[in-house]
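Engineer: Model the following, please.
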Amino acid sequence: MPLSATEVADRLWKGDNQLGANNICVVPVPNEQLIRKKNAAAIDLRLGRWFQTLRQTKLTVLEPLKKSDRDDPAEHRKQLGVSREYYIRFDSSFVLHPGQFVIGITLEWLKFPSNLTGYVSGKSSWGRRGLIIETAAGIHPGFTGCLTLELANVGTTPIRLIPGMEICQIFFHSVNNVGDATTTQFVGYRKPILGTVEQDAVSEALSKQYF
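Structural biologist: Sure thing, here's the model as predicted:
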């Protein structure tokens, strides 16, 4: 069961005291009274100012790194070099055309306690206009950083993305977990990143089979 609005508001770090082990830290700090008034089991998050698009390159296909390439800096640069970064000011916007895909970031910086997880969902009001907001929807316990958002316009009309506008919502779930924070490759970032895609040992072993 997700945390209720009251539970979220009670655990929310208020910004005027020391961050506790069970606090949900969101910066800028959300309006606690508005959370209680709406009585929704989620906090709205806003769109940040950094975007990345996949650029047209000489690569014919995007593929995961092979084990033999994992220690090769050139291969990592090739993977990370397929995107182009944009910084959009608060008084400007990014126009997302039909069929276009862009990676964005939340304005808010989050810090999860080790006993809390969550997932991100798009706002239905935007979804009904063709804006799909798919993220690495599950947020691991102890996550710290801004959330990367994968934004796609599946409608027929261009959509103006304005930094600072409400773009998605986050739901929180308690977990029985004690330990260190998550160590995934997307922790601690303030800008959207592609990350690297690698074959694991099982995938590589299966690719060598011919039956």
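Engineer: Tell me the secondary structure of residue 105, please.
Structural biologist: strand (DSSP: H, G, I helix; E, B strand; the rest coil).
Engineer: Kindly provide the distance from the nearest residue to residue 159 once chain neighbours are set aside to residue 161.
Structural biologist: Leaving aside its sequence neighbours, residue 159 sits nearest to residue 96 (CB to CB, 6 or more residues apart in numbering; 4.7 Å). All C-beta atoms are positioned from the backbone trio N, CA, C, and that covers glycine. Taking CB to CB, to the nearest Å as the measure, residue 96 falls 6 Å from residue 161.
Engineer: got any residues that touch both of the two?
Structural biologist: 102, 151 (CB atoms under 8 Å, 6 or more residues apart in numbering).
Engineer: Let me know the helix or strand that residue 33 is in.
Structural biologist: Assigned by DSSP states H and E, residue 33 belongs to helix 32-38.
Engineer: What average pLDDT does the helix or strand following that helix get?
Structural biologist: Proceeding C-terminally, helix 32-38 gives way to strand 43-46 as the next helix or strand, assigned by DSSP H and E. For strand 43-46, mean pLDDT rounds to 95.
Engineer: And stretch 90-109, by the same measure?
Structural biologist: 95.
Engineer: Find the nearest non-adjacent residue to residue 29, please.
Structural biologist: residue 15 (4.4 Å).
Engineer: and the gap between that neighbour and residue 110?
Structural biologist: Taking CB to CB as the measure, residue 15 and residue 110 are separated by 14 Å.
Engineer: Pull out the buried positions in the helix holding residue 33.
Structural biologist: Applying a neighbour-count criterion of 16 or more other CB atoms under 10 Å, one finds residue 35 buried in helix 32-38.
Engineer: One more: stretch 8-15?
Structural biologist: Residues of stretch 8-15 classed as buried: 8-9, 11-13 (neighbour count, 16+ other CB under 10 Å).
Engineer: can you pull out the helices in the protein?
Structural biologist: 5-11, 32-38, 73-80, 124-127, 201-207 (DSSP state H).
Engineer: Could you name the helices and strands sitting against the first one?
Structural biologist: Helices and strands in packing contact with helix 5-11 are listed as helix 32-38; criterion 3 or more CB pairs under 8 Å, 6 or more residues apart in numbering; DSSP states H and E.
Engineer: do that again at 10 Å, thanks
Structural biologist: The contact analysis (3 or more CB pairs under 10 Å, 6 or more residues apart in numbering; DSSP states H and E) places helix 5-11 against helix 32-38, strand 43-46, strand 166-174.
Engineer: which one of these lies closest to residue 52?
Structural biologist: In terms of CB to CB, the element of these nearest to residue 52 is strand 166-174, at 15.6 Å.
Engineer: before we move on, the earlier item: pull the distance from the helix holding residue 33 to the chain's centre.
Structural biologist: Distance of helix 32-38 from the chain centroid (CA atoms, centre = their mean, to the nearest Å) equals 24 Å.
Engineer: sorry, back to before: who touches both of residue 15 and residue 110?
Structural biologist: 25-27 (CB atoms under 10 Å, 6 or more residues apart in numbering).
Engineer: Please name the residues that touch the nearest residue to residue 20 once chain neighbours are set aside.
Structural biologist: Nearest residue to residue 20 in three dimensions, chain neighbours excluded: residue 13, at 7.6 Å (CB to CB, 6+ apart). Each residue near residue 13 by CB under 10 Å, 6+ apart is listed here: 19-20, 22-27, 29-30, 111.
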